[in-house]
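*Asks:* The following comprises the amino acid sequence and a computationally predicted model.
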Amino acid sequence: MDRSPDLFGTANRTQVIVAVRLLEETWGAELAALLGKRISLVQTILNSFEAEGALVSRLVGRSRVFSLSGRYLAARELSELLWKLGSADVALQRKLAARRRRARRAGKAL
């Protein structure tokens, strides 16, 4: 996307929820690093979407993992909209393709 739409209030909120949809499951620190935002901003946005019912979270160890809520009133429609917005965001697609999703082997050089 050339311009981040403010569809969900602000460009930051839109970026966060689109990234959650594309990742399917994620946590605040991963999103903050991926989007280049402060973790406190991302956590605030995630918490507000959870309070609105659009996201759900669960504890995995000490981390809260977020995903779209299947119980949200328009869950299917929201998911489709976010997928389309994410498909148009080439820069985000590149960032997602380059991310590391599993731990590095102990002792392996960086």
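*Replies:* Thanks, I have the structure now.
*Asks:* rest of the way, CA atoms for contacts and neighbours
*Replies:* Fine.
*Asks:* all helices of this protein, in order?
*Replies:* With DSSP state H as the criterion, the chain has helices at 11-23, 28-35, 39-52, 75-88, 90-98.
*Asks:* Can you add mean pLDDT and give these back as a markdown table?
*Replies:* As requested, the helices of the chain are exported to a markdown table (pLDDT from 0 to 100):
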| stretch | mean pLDDT |
| --- | --- |
| helix 11-23 | 95 |
| helix 28-35 | 94 |
| helix 39-52 | 97 |
| helix 75-88 | 95 |
| helix 90-98 | 86 |
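*Asks:* ok, so what distance separates the most centrally placed residue in the chain from Ile45?
*Replies:* Geometric centre of the chain, nearest residue: Val20, 2.6 Å, by CA atoms, centre = their mean. Distance from Val20 to Ile45, counting by CA to CA, to the nearest Å: 11 Å.
*Asks:* Show me the common contact partners of those two, please.
*Replies:* Shared contacts of Val20 and Ile45 (CA atoms under 8 Å, 6 or more residues apart in numbering): none.
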